[in-house]
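Trainee: Below are the sequence and a predicted model; questions follow.
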Amino acid sequence: MRPERVLSSVMSVVLGLVLSPIIGLVSGVLWYELGGKNSGGIVAFIAGIATFGLIVWKSGNVFEKILGVLRATLPKPISSCIEFGVAASFVVGGVMAATILLLGHTRPEGLDFDRIPLAMGVGFVCGLPLGFLRKNGASS
């Protein structure tokens, strides 16, 4: 499997993990407020699962096209470093946001939304060498 496809798949799964709890929660609350008192949790679960599946199914191609445009406009070493840096920051920030949303008040101390940008920056910086290694052919 090509690295670009793997990156786009990982980014789409992380996007699904971040957005599906939000969509599930909103749809469950709306269902509850519209009068479906006993079935709000079931509607939230179904909406969250459906949202996750739809996002993973459709956004992989979108991310792959975005990475293709990036590759076509920038020189190889720069585009490869930026691809891996952005993917790493997206994965780190998305996993943190999904963990915070899923665990709620039971999350560990220090795992807060205001720390996500810093973690994404660290992920970006850690992803840059991976792109440089790919440029040199070490991880092809």
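Mentor: Here it is on my side, so go on.
Trainee: and the next element down the chain from the longest helix out of those in the chain?
Mentor: When the chain is parsed with DSSP state H, its longest helix is helix 40-73. As assigned by DSSP states H and E, the chain's next helix or strand after helix 40-73 is helix 76-103.
Trainee: tell me the angle of that next one relative to helix 40-73?
Mentor: Comparing the axes of helix 76-103 and helix 40-73 via axes from the mean of the first three to the mean of the last three Cα atoms, to 10 degrees yields an angle of 170 degrees.
Trainee: What residues sit buried inside the next helix or strand after helix 76-103?
Mentor: As assigned by DSSP H and E, the chain's next helix or strand after helix 76-103 is helix 116-135. The neighbour-count check on helix 116-135 (16 or more other Cβ atoms under 10 Å) flags 116, 119-120, 123-124, 127-128, 130-132, 134-135 as buried. No exception for glycine: its C-beta is placed from N, CA and C like everyone else's.
Trainee: min pLDDT across the residues you listed, which one?
Mentor: Of all the buried residues of helix 116-135, Lys135 has the smallest pLDDT value, namely 54.
Trainee: got a list of contacts for stretch 5-18?
Mentor: 51-53, 55-56, 59-64, 67, 83-84, 87, 90-91, 94-95, 97-98, 101 (Cβ atoms under 8 Å, 6 or more residues apart in numbering).
Trainee: and those residues, which are buried?
Mentor: By 16+ other Cβ under 10 Å, the contacts of stretch 5-18 give 51-52, 55-56, 59-60, 63-64, 67, 83-84, 87, 90-91, 94-95, 97-98, 101 as buried.
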